[in-house]
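Asker: This is the structure alone, sequence omitted:
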């Protein structure tokens, strides 16, 4: 379902307290980011915020639901994004509070950079590079 320009404008106003919000259209929806950290997805008239092990329980306790999609093979895919709690859709303070949880999860998900600016690889075990 496509994102309506009116809903995106509402979200930009609602989340203005986060800082400079960047909207990027993608796959019929949009992603939202602050400081190059993608913390939200928008599909239809629903805002989904990034979750991880640190904030998932808070979203579940509010009755939020994860973003799901149908895959070609009939399975259902689930992303690490959960819907903004309903009561926060028209409350600036609540919306920003929940969005900050998503933004913090996006910051935690960033890979540390090496001196050359490349993402550090996870340890892949012993090999000829160990000397």
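Answerer: Right, received. Where do you want to start? These numbers come from a predicted model, not from an experiment.

Asker: When you work out contacts or count neighbours from here on, use the C-alpha atoms and nothing else.
Answerer: Noted.

Asker: Looking at the chain, which helix is longest?
Answerer: Taking DSSP state H as the criterion, the chain has its longest helix at helix 92-109.

Asker: same question for it, mean pLDDT?
Answerer: Confidence over helix 92-109 (mean pLDDT, whole number) is 95.

Asker: Give me the buried stretch members for it, please.
Answerer: 94-107 (16 or more other CA atoms under 10 Å).

Asker: got a list of contacts for it?
Answerer: Outside of helix 92-109, the residues within contact range by CA atoms under 8 Å, 6 or more residues apart in numbering are 14-15, 17-18, 34, 37-40, 49-52, 54-55, 84, 87-89.

Asker: Please repeat the previous calculation with a cut-off of 10 Å.
Answerer: 11, 13-18, 32-40, 47-56, 58-59, 80-89, 91 (CA atoms under 10 Å, 6 or more residues apart in numbering).

Asker: What's the local residue count around residue 36?
Answerer: 11 (other CA atoms under 10 Å).

Asker: Quick one: mean pLDDT for stretch 11-19?
Answerer: Mean predicted lDDT for stretch 11-19 stands at 91.
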